[in-house]
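> what follows is a protein structure lacking sequence information:
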C-alpha cells in the first residue's frame, strides 16, 4: 500500500473553543484563523459570563476583527437570568447555542447550574427555536458519594438521558467526551444527541496529566479503554461524533506554579490540523479526518442552512507529510503590560504532518 | 464528651522514608529527627542504588551523623546483582529489608525488577534470615492491557498473593497502599503480610493531585472509596497496617516546571505528627494514632528483638491542640551551590495539632 503524503480537506470546524478576552483573546484568536478553520463555536465562560444576546454579539464583533473570515458561532451561558424571551431573541440574532456548566467544575463555572429542571422553560424555548444545548458533562465531586474527577462524567450521563427524554427534539451536544460510557450513551440516544471530541483526549490518558500541568484539563483524560472508545468511534466514522477542541489557553504562569494549575489544554493554534492528522494516523483513522473535522459537525449544526460561512472561509486546507516541531510557547503582552505566554499542546514535540 | 487537648505517645516509627543523598540528604535528614521519630526505615533508591551491605552501612553512617539518636533501618535494592550470599551477609550486619521496585514506575526505578521468579533464591535466603521484603506494588502502565496509574496497584495484587503463597514465612510489606483492593487483599493474607500507609494518601484523592504537582506521587491517590478504605483500616486498629510516610523530597524546581514533575510528597518534616493527628482526628481515629505510628509497625518489624533503638530515642512525644501553619518551603543550598528548596505537604495550610 502506497503511503499518503498529502491531504486536502475542506476548511474544518471547531465546535468548542475558548477564545478568552482582553490581551489573551487578542493573542489567541488570530492563531485559530492561521489554523485554517472555517467555523469557531465560541464558549461563553468569560468574566462576567456571556448571558445576553447583546454581550454575545459584541464579543463576536471583537473576534471578527481579530480573525476576519472565520465564521464565529456564539453561545450563551446557562444561568438563572436566561429567559425563554432571551432565547427567542438570541435565536433570531443567530446565536447558535447555550452552554451549561455544572457549578464549580471548571474555569469560570461559578455561575454554573445545580439542577436542570429549573431550566425546562428555557430548554422548551430552545427546542422551538432549534438552538443547540451544549453540556459540560460532569457532576461536581463529592467524596461522600464517591464522586471524583475520574467518574464525574460517567455519573453525569443520567442527566443527559433525562434531558433527551424530556426534550427529544432539542439538539444536545455532550461536550469533550472522555469515557467509553459517554460514547456508548451518546450512540444509544437519538439523532438529536451528538458529542464533541478533543485532540488531547484522543492523545492522552490519566498517566499523561499526572504531574504534567499542561495536560491537565476538565474533564481529565481517563483510562486507556476510554481513549480507545473515543478513537474507535472516529474509526467507525460515526456521524454524531465530531471535533470540538476545547482549546483553553491560560498564561504559562497560571499553569506552572506552587498552587493548583488552572485546567485547560491549548490546541487552537496553527498546528490544529497537524495535531489531528498525526494522532488519527497513529490509531489508523487518517481517512476519517475529513468527516470528523469538516463533515459531521457541520451537518449536525445545520451550518449551510442556519449559519452559512463567508465564502472566503470555504477554502481547502492542504496538509503534507512533513515533520514540524511544536513551538515551546506563544508570547504576548498581558493586560498588565507584562510579558506572558501560552504553552501549546505537545510543546517541543515533533508532529508527522504540517500545513502545506 | 470533653475534647482532647494534649496527646502523649511513644516516639513513632516511619517505616518508609526517602532521605536522598548529597545536599538534599543533609537538608532533610535533620528534619526527621526534629519530627520526634525513633525509627526511620530508609529506602535504597539512590544513584546508584544501594545494592550491597557496604553501601548500606556507609549510607547509614552518613545519616546517623546528620540525625544522631534516630534508629536508621537500612534496605537493599532488589536487582540481579543481589545474591543469597549477600542477603545472609546483610542480615548479619543488621540490614532490615530488601525493596522491590517494578521497573520504571517511580523515582530512580530504572534498575527495578521485571519478573519475581528470578529472585526466588534471594527470597528463600531472606525468609531464612528473617529479612523483610518491601514491595512497591504497582505494575508498569501498558495501554494495550488497559493498565494505567489508576489501576496499577490493583493489577499488582496478584503478584503479592503469589509471593505470599510461595514464601508464607517471608515477611512482606506492601508499601504505601492506595486502594480498597489492596487493603482487602492484605487483610485476607497471613500474619506475615503487612501494609504501610502514608499521610498523604489518608488526606488526598485523585482530585487533589490534578494540576497540583506537590500532591503528585506514585502510587497516585485514588478514588474517595479507596481513601475511605485506608481510613477504615486505621479506625479498626488493624495491627498489620502502620505508618510509612514515603516522604519523598524533591527540589522545588523539579516539581514546578513546564515538563512532567517528579513524583513524591514531602511529609518527613517536624510536622509529621501534627499532620497525622490532624487527619486522623478528621476521620474520627485520633485514639488510633499511637498504634498506627508507635505500635503495630514496631511489632511487625520485631524492633525490640532485632533492631533495638538507642535509649535516647525511646522518648515520649507530646502534641497539643494548637494551630500551626505549614511552612511554604525548607531552603537549602544544592550540590551545585545554588539556592534551592523543598516544599512540604500542605505548604501554607493550617494544621489543628502541633508538637508541644
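Right, received. Where do you want to start? Since the model is a prediction, treat every value here as computed from it, not as a measurement. Residues are numbered from 1 along each chain as shown, chains lettered A, B, ... in the order given.

> so who does the residue of the stretch 1-150 of chain A found nearest chain B touch?
Nearest residue of the stretch 1-150 of chain A to chain B (C-beta to the nearest C-beta) works out as residue A:143 at 3.8 Å. Using the backbone N, CA and C atoms, a C-beta is placed for each residue, glycine as well. Applying C-beta atoms under 8 Å, 6 or more residues apart in numbering or on different chains, we find residue A:143 in contact with B:205, B:224, B:227-228.

> need those in TSV (columns: secondary structure and distance to residue B:288).
Output for the contacts of residue A:143, formatted as TSV (DSSP: H, G, I helix; E, B strand; the rest coil; distance: C-beta to C-beta, whole Å):
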residue	secondary structure	distance to residue B:288
B:205	coil	21
B:224	helix	20
B:227	helix	16
B:228	helix	15
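
> reformat the residues you listed as JSON lines; add neighbour count, pLDDT and distance to chain A.
Listed next are the contacts of residue A:143 as JSON lines, based on neighbours: other C-beta atoms under 10 Å in any protein chain shown; pLDDT from 0 to 100; distance: C-beta to the nearest C-beta, whole Å:
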{"residue": "B:205", "neighbour count": "25", "pLDDT": "98", "distance to chain A": "5"}
{"residue": "B:224", "neighbour count": "21", "pLDDT": "98", "distance to chain A": "4"}
{"residue": "B:227", "neighbour count": "25", "pLDDT": "98", "distance to chain A": "7"}
{"residue": "B:228", "neighbour count": "18", "pLDDT": "98", "distance to chain A": "8"}
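
> the top strand by length along chain A pairs with which strands, and in what direction?
The strand that spans the most residues within chain A, counting by DSSP state E, is strand A:316-325. The strands beside strand A:316-325 in its sheet (DSSP bridges) come out as strand A:6-10 (antiparallel), strand A:350-355 (antiparallel).

> enumerate the residues of chain A near chain B.
Within chain A, the residues that sit near chain B (C-beta under 8 Å from any C-beta of the partner chain) are A:141, A:143-151, A:205-207, A:209-214, A:216, A:220, A:223-225, A:227-228, A:252, A:256-263, A:328, A:343, A:347.

> narrow those residues to those in strands?
Among these, DSSP E puts none in strands.

> and the residues you listed, which are buried?
Listed as buried from the residues of chain A next to chain B are A:141, A:146-151, A:205-207, A:209-214, A:216, A:220, A:223-224, A:227-228, A:252, A:256, A:260-263, A:343, A:347; burial here means 16 or more other C-beta atoms under 10 Å in any protein chain shown.

> tell me what residue A:317 is bridged to.
residue A:9.

> how far away is it from residue B:194?
61 Å (C-beta to C-beta, to the nearest Å).

> more neighbours: the two, which one.
residue B:194 (26 against 20; other C-beta atoms under 10 Å in any protein chain shown).

> the more buried one - that's part of a strand, no?
Yes. Using DSSP: H, G, I helix; E, B strand; the rest coil, the assignment for residue B:194 is a strand.

> now the nearest residue to it once chain neighbours are set aside: phi and psi?
Spatially, and ignoring its direct neighbours in sequence, residue B:194 is nearest to residue B:240 (4.2 Å; C-beta to C-beta, 6 or more residues apart in numbering or on different chains). Dihedral pair for residue B:240: phi -100, psi 10, per degrees, to the nearest 10.

> confirm for me that residue B:240 is in contact with residue B:296.
Yes. Counting by C-beta atoms under 8 Å, residue B:296 is a contact partner of residue B:240 at 6.9 Å.

> picking up where we left off before, so how far is the longest strand of chain A from its chain's centroid?
Distance, stretch centre to chain centre, for strand A:316-325: 23 Å (C-alpha atoms, centre = their mean, to the nearest Å).

> give the buried residues for it.
The neighbour-count check on strand A:316-325 (16+ other C-beta under 10 Å) flags A:317, A:319, A:321, A:324 as buried.

> again with stretch A:162-173
Across stretch A:162-173, burial judged by 16+ other C-beta under 10 Å covers A:163-164, A:167, A:170-173.

> save the residues you listed as CSV, and put in pLDDT too.
CSV is the format used below for those (pLDDT from 0 to 100):
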residue, pLDDT
A:163, 96
A:164, 98
A:167, 98
A:170, 98
A:171, 98
A:172, 98
A:173, 98
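
> which two of the residues you listed have the greatest separation?
Taking C-beta to C-beta, the two most distant members of the buried residues of stretch A:162-173 are A:167 and A:173; they sit 13.3 Å apart.

> circling back: shared neighbours of residue B:240 and residue B:296, which are they?
The contact sets of residue B:240 and residue B:296 overlap at residue B:194 (C-beta under 8 Å, 6+ apart).

> and the two? Which one has more around it.
Each of residue B:240 and residue B:296 has its neighbours counted (other C-beta under 10 Å); residue B:296 has more, 24 against 20.

> does the residue nearest to that one when sequence neighbours are not counted count as helix, strand or coil?
Take residue B:296 and drop its neighbours on the chain: the residue closest to it by C-beta to C-beta, 6+ apart is residue B:242, 4.1 Å away. Here residue B:242 is strand, with the state taken from three-state DSSP.

> contacts only, for residue B:242.
Residue B:242 sits next to B:13, B:15, B:194-197, B:291-293, B:295-297, B:300 when contact means C-beta under 8 Å, 6+ apart.

> likewise residue A:294?
Residue A:294 neighbours (C-beta under 8 Å, 6+ apart): A:9-13, A:38.
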